[in-house]
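Student: need a structure here:
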Amino acid sequence: MSKPDIKGVTFSQHFDKDNYCANGSPVSFRPCFGVSIPNCDPPLGPIEEYINIFLPRPYQCPNNGFVSGYSAVPRNRYGDVAVKYYKALGVTYNPKECVQYFRVEDPKYPSPTNPGYYLVGSIPLFLPQGKIGFYNTECLFRRSKAFNLPIF
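Tutor: Purely as a prediction, here's the structure:
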């Protein structure tokens, strides 16, 4: 099920308590009208590969992929999470343009990044009173140069 935001752009919703996006959409922590945090932005393009790995913290998407969902954090007492990764055809990022920041699972703490930045890795941290914090890495995704070349 999808809901439009203020500008009429449709955002896919996560399906269950485990925060997985539909159709390979990237997870976003930017607030959107009618969508809670985290939410799912529109897909970045056709999906090239899909990986679902049960990982200990920290985690980083391979092959310049982005996070499309994750299990409840922490999934167990070691802070492990099951993360879904996707890679969009013709879309990549430069690691030098990535931003790292701290946040907690709360709508009052959105991502400080702008649209175009997507989650590529995170370190879940145990905080006092049973809370969980995250040291996230988000990167600015752009079309690959190879996909901008003319075809003869």
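Student: all strands of this structure, in order?
Tutor: Along the chain, counting by DSSP state E, strands occupy 2-4, 10-12, 27-28, 39-40, 47-55, 59-60, 66-70, 81-88, 91-93, 99-104, 117-126, 132-143.
Student: what's the closest of these to residue 110?
Tutor: Residue 110 lies closest to strand 99-104 among the strands of the chain, at 7.7 Å (C-beta to C-beta). Any C-beta I mention is one placed from the backbone N, CA and C, and that applies to glycine too.
Student: The closest one - contacts with which helices or strands?
Tutor: In terms of contacts (3 or more C-beta pairs under 8 Å, 6 or more residues apart in numbering; DSSP states H and E), strand 99-104 is packed against strand 132-143.
Student: so how far is the strand it packs on from its chain's centroid?
Tutor: A distance of 7 Å separates the centroid of the chain from that of strand 132-143, by C-alpha atoms, centre = their mean, to the nearest Å.
Student: Next up, the contacts around the residue nearest to residue 95 when sequence neighbours are not counted.
Tutor: Leaving out its chain neighbours, the residue that sits closest to residue 95 by C-beta to C-beta, 6 or more residues apart in numbering is residue 139, at 7.0 Å. By C-beta atoms under 8 Å, 6 or more residues apart in numbering, the contact set of residue 139 is 66, 93, 94, 95, 97, 98, 99, 117, 118, 120.
Student: how close does residue 139 sit to residue 114?
Tutor: Using C-beta to C-beta, to the nearest Å, one gets 12 Å for the distance from residue 139 to residue 114.
Student: Skipping adjacent residues, who's closest to residue 28 in space?
Tutor: Using C-beta to C-beta, 6+ apart, the nearest residue to residue 28 is residue 41, at 4.5 Å.
Student: Next, count neighbours for that neighbour.
Tutor: Around residue 41 there are 20 other residues, counting by other C-beta atoms under 10 Å.
Student: Return the residues in contact with it.
Tutor: By C-beta under 8 Å, 6+ apart, residue 41 lies in contact with 11, 25, 26, 27, 28, 115, 118.
Student: which of those residues are buried?
Tutor: 11, 25, 26, 27, 28, 118 (16 or more other C-beta atoms under 10 Å).
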